[in-house]
Every structure is written in C-alpha cells, then in structure tokens.
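A.B. asks: Turn this into a structure:
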Amino acid sequence: MKTLYIECKMGVAGDMLSAALLELCDNREEMMNMLSEMEIPGVTFSLEKSEKCGIVGSHLAVKVNGEEEVSEDVDHEHSHEYDHSHEHKHNHEHEHNHEHSHEHDHDHAHTHSHHHRHLSDIEDIVRKLNIPESVKSDIMNVYKLIAEAESKVHGREVTEVHFHEVGTMDAIADIAAACLIMHELAPQKVIASPIHVGSGQVKCAHGILPVPAPATALLLNGIPSYSGDVKGELCTPTGAALIKYFADGFGSQPVMSVEKIGYGMGKKDFAQANCVRTMLGNCDDEASDELTDVISELVCNLDDMTPEAIGFATERLMEEGALDVFTTPIGMKKNRPGTMLTVLCKENQKQEFVRKIFKHTTTIGIRENLCKRYILHREEKVVNTPDGEIRVKEVSGYGVMREKKEYEDLARIARSKGTALETK
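C.D. replies: Below is the predicted model:
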C-alpha cells in the first residue's frame, strides 16, 4: 500500500508541508509550473534550498506582490527576524480597504492595508483557479474545517466568520499548493506523527494569543499533540487543518519500505532542525496492524418518526458517505419507546453529517463522541466462478486474515438460479 508518513516533531505549517511534499515529487520542476499555473492573484512560488542543523531541505517561498509575509512570536527575542510559516501576518488587508497606522512596543509604526474575507470570498477565489475540480473541493474542505474552528472561537456562524491571516493570498496559496501536490502524489494511506505545537505566545490580527492559538487548538481536537520547551508557534491553523483533513491515522512511523524522504524547512532557527519530514513508501500487511484513526460518533434520539422514515434516513446517510449507520431501540422519558440513531463518520466530515442528520431526521439535538478506531487492512478482489464474477473482500492485520464474498453478488446469483443464498 502506497503510504505517506508526515513527521511533525517541530510542528507543521502549510508552506513547510508543501515543501516537504514537493521533495517527494520526481517531476519537481513540472510541479512548480503547475503551482504557478494555478493563477492565484498576485502570488508567485519559488523553491529554495535551505539548511537546518546540517540537513539540507527545501523552503517554499510564497510571495504576494513580490513580498513574503512573516510571523511574530512574542516570546522569541527579535522575533520579527525569523519565520516558521507565513500565516500570521504583520500586514493585513480589509474588505473595506482603509489604511491606518498601528503603533507597536518595539517603537516603530507600520501602515497596514487590510483585507478580511468570508468563506464565500475564499470560495470565489478557489473556483477560478486553474486546477482539477477535486483539488478545489479539497481546498474548500480544508477551509471549512478552519471556518468551523473560528466560528466556535468567536461565537459566530460559519458564514459570518472573517478570515484574517488564513484568508490572505499567501495562506490560500499554502493550502492550494499542499492539496495539489497531495493530489499528484495520490497516497493510499496518510499517517501523521503527534504534532509538536510549541509554547509561549504569538501575535496575530486579534492581538497576542497563547500557543497553540485558539482556532489551532480546536482543529487539533482528537489529534495527538504536545507542547515542548520550544518557544513559539510551531503548528499553524493551516498546518493543523491540512493534517486533520488528509491524515487517516496518527502515531509512530508504521512498518514501511521507504522510497523517498522530503524535508520542508521553516525560517526560524532552533537547537533542533526546524522542518517537517515526509516519507513515501509501501506498507506491507503487517504495517496495517498499527493503523488507527479518529472518527466522530454522532448520536440522536428519535421518538416521532415512523420506522419507514428512519429506514430511509439510514439509507441516505450511508449513501452519502457515512462509515456506518445503525439504530438501537431505547426507552425515553415518560416510558415512550424510541430509537437511538448512531452515525459514524470521518472526523473531518463531522459538520457535514450534522447537517445531514438534521435534514433527514426530526431530531433537535445531536451528541458527539470522538472515537479512536483500530483498522484492519482491507482489499477487494474479483474471482471468476461458473456463475459469474463475485467480489471478495479480504481483511488482514492484528494476526488475523479472512475474506468474505459480497452479499449483493451472491444474492444476484441466487435470484438468477432460483436457489437458496450461499455464503461459502
């Protein structure tokens, strides 16, 4: 199985992840052309060699109108001289396009041109990009994760959220670049290490915030993360959202035959190499023993729907991509019989399925649990029999291996022959 492992021992940011992924590409020059041909307004990309602690890697420089933005960590002395990523900006643009000066404690003033965007503004930009539709969908799904986190932090509806740092063109470029490169690499499985978030404080559009920033902390819900002695923001909102969206599981490097290694460098200098490391290779069946992921369990109680209506809702939720949907008979208040509906989905699809449950059922409230899931490796093959082709699902891992014939194929054969269903 083609597997991508992302090592985040010094956090993760959009530009660092993109650079690390680019180093895995054989057609690097072609990929850089593809990034430029996305035609993000005012944005240019360049891949620069960078060395940290004796390790040579790449830095993806994203410039907007010829300038590369920088971030400010409050606890880092001379913090404005370094950059881990460029997602927390010193300069901002506002939709209403006004200019004014801000005074800072380090005794110099800056004139800022601000542009705050809503999710619909981001969607308008993404829709016009010269990239496949599936990549556009990935970009917007990543932004929806960020929007949901920001909406909770600021107590606003998702549609009312103003994007500051993550709404600027270079942040759009970071996310678009990572999504496009992931599309080209097309790994079958993505595993990420626990994420080092850093410590201290960071300066952003809303003021001085703790590390990880509130929206980043929400994006990391359900994802293994930790804070160390490094002062500064190591995990940015875009980095967290990209990992949350693409990673199928989290943990140490699985047993894999590594074919390529990439290093994406930040600009800050620490005692440790400031980089995201990626590894691309193949996992054998044994590697799948250690695969886990985090899924959402969405639960609601129903006492005013007919069995037919519940059955229809269950079918629709499965058809629309739920990992599993099932019902449990329960006793509700005043001794009324009811049905508990449980929907399992990927964590990054949670908000989408919350809306679907409200759409297809009469519930007025949904409970959520985050669940760690242990996964068996799954493959499907087709076998030829005298009665026609039959799909067979094979699963393996954790010391077991078994297979099962597809029910629909067996049922089709039984109907055509007028015989009883055979499951062996």
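A.B. asks: quick one, longest helix in this protein?
C.D. replies: Across the chain, the longest stretch assigned as helix under DSSP state H is helix 133-154.
A.B. asks: list the buried ones in the following helix or strand past that one?
C.D. replies: Using DSSP states H and E, the next helix or strand after helix 133-154 towards the C-terminus is helix 169-185. Buried residues in helix 169-185, counted by 16 or more other C-beta atoms under 10 Å: 169-182, 184-185. Heads up, the C-betas are built off the backbone N, CA and C, glycines and all.
A.B. asks: Need the pLDDT of the nearest residue to Ser227 once chain neighbours are set aside.
C.D. replies: In space, Ser227 comes closest to Ser199 once its chain neighbours are excluded; the distance is 4.9 Å by C-beta to C-beta, 6 or more residues apart in numbering. Here, the pLDDT recorded for Ser199 equals 87.
A.B. asks: Centroid-nearest residue for this structure?
C.D. replies: Note on the chain: the residue nearest the mean C-alpha position is Tyr245, at 1.7 Å, using C-alpha atoms, centre = their mean.
A.B. asks: tell me the contacts of the residue nearest to Ser227?
C.D. replies: 75, 211, 227-232 (C-beta atoms under 8 Å, 6 or more residues apart in numbering).
A.B. asks: rerun at 7 Å
C.D. replies: Shown in contact with Ser199 (C-beta atoms under 7 Å, 6 or more residues apart in numbering): 211, 227-228, 230-231.
A.B. asks: What is the burial count for Ala215?
C.D. replies: Counted by other C-beta atoms under 10 Å, the residues lying close to Ala215 total 28.
A.B. asks: And for Ala271?
C.D. replies: Using other C-beta under 10 Å: Ala271 sits among 8 other residues.
A.B. asks: For the helix or strand harbouring Asp15, enumerate the helices and strands it packs against.
C.D. replies: Asp15 is part of helix 14-22, with elements assigned from DSSP H and E. With contacts defined as 3 or more C-beta pairs under 7 Å, 6 or more residues apart in numbering; DSSP states H and E, the packing partners of helix 14-22 are strand 55-64, helix 169-185, helix 237-246, strand 256-265, strand 275-283.
A.B. asks: Turn the ones you listed into JSON lines, columns for mean pLDDT.
C.D. replies: As requested, the helices and strands packed on helix 14-22 are arranged in JSON lines below (pLDDT from 0 to 100):
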{"stretch": "strand 55-64", "mean pLDDT": "92"}
{"stretch": "helix 169-185", "mean pLDDT": "92"}
{"stretch": "helix 237-246", "mean pLDDT": "94"}
{"stretch": "strand 256-265", "mean pLDDT": "94"}
{"stretch": "strand 275-283", "mean pLDDT": "94"}
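A.B. asks: Dump those to JSON lines, plus distance to Lys333.
C.D. replies: JSON lines is the format used below for these (distance: least, C-beta to C-beta, whole Å):
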{"stretch": "strand 55-64", "distance to Lys333": "56"}
{"stretch": "helix 169-185", "distance to Lys333": "46"}
{"stretch": "helix 237-246", "distance to Lys333": "37"}
{"stretch": "strand 256-265", "distance to Lys333": "52"}
{"stretch": "strand 275-283", "distance to Lys333": "49"}
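A.B. asks: Quick one, which of those gets closest to Val400.
C.D. replies: strand 275-283 (16.9 Å; C-beta to C-beta).
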